[in-house]
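Visitor: Just need the structure, nothing else, for what follows:
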Amino acid sequence: MKSLSFILFLAFSWGLTAQISVHSHNDYAQQNPLYGALEAGASSIEIDVLFKDSILYVAHELQSIKQELTLESLYLDPLRLLALNEDSRLEDLYVLIDIKTEAYESLKAVVEALKELEPFSFPKQEKGLHFVISGNRPSPDDYTDYPSLYLF
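Guide: Residues are numbered from 1 along each chain as shown. You can find the predicted model right below:
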């Protein structure tokens, strides 16, 4: 009986402390990708980005680019609106930007596109958006050339 009580105690304790994290990937195929991911409770969102003709497209490969699916329209515009409205879902949201094209030019465009969101990001605020650059990245020796709010 003591062992059963102990097991129940552990199960109950774990249930109180466990947090379920939801990761959203390739959700840009959905009608409203950012909002859908947030409504599902996502704490991290991965966005596949291709830089072509000075535009950051959201797609997995060049052949699947659709003109209307841009980083700006699908993610950055809605993120700005949510940030300005102090939406609590952004307090600890990880935005993983998976660069599929050449690292340096693509990342330069990403950094420029994210400038307006920097005031809402961690470490500028105690809690906020976290930007993680994955996929094609610059050399680790060059990471310090980018704003400290970007994680690689």
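
Visitor: So residue 34 belongs to a helix, correct?
Guide: Yes - counting by DSSP: H, G, I helix; E, B strand; the rest coil, residue 34 is located in a helix.

Visitor: That one: what's it in contact with?
Guide: 27, 45, 74, 75, 78, 79 (Cβ atoms under 8 Å, 6 or more residues apart in numbering). (Glycine included, C-beta is placed from N, CA and C.)

Visitor: Which of these has the largest number of neighbours?
Guide: Within those, most neighbours by other Cβ atoms under 10 Å means residue 75, with 25 neighbours.

Visitor: and that residue, what does it touch?
Guide: 33, 34, 45, 47, 58, 95.

Visitor: about what we covered before: between the contacts of residue 34, which sits nearest residue 110?
Guide: residue 75 (11.2 Å; Cβ to Cβ).

Visitor: Assign that closest one to helix, strand or coil.
Guide: helix.

Visitor: what about the closest residue to residue 93 other than its chain neighbours, neighbour count?
Guide: With sequence-adjacent residues excluded and distances taken as Cβ to Cβ, 6 or more residues apart in numbering, residue 93 is closest to residue 129, at 5.6 Å. Using other Cβ under 10 Å, residue 129 is surrounded by 23 other residues.

Visitor: Model confidence at residue 129, what's the number?
Guide: The confidence metric pLDDT takes the value 91 at residue 129.
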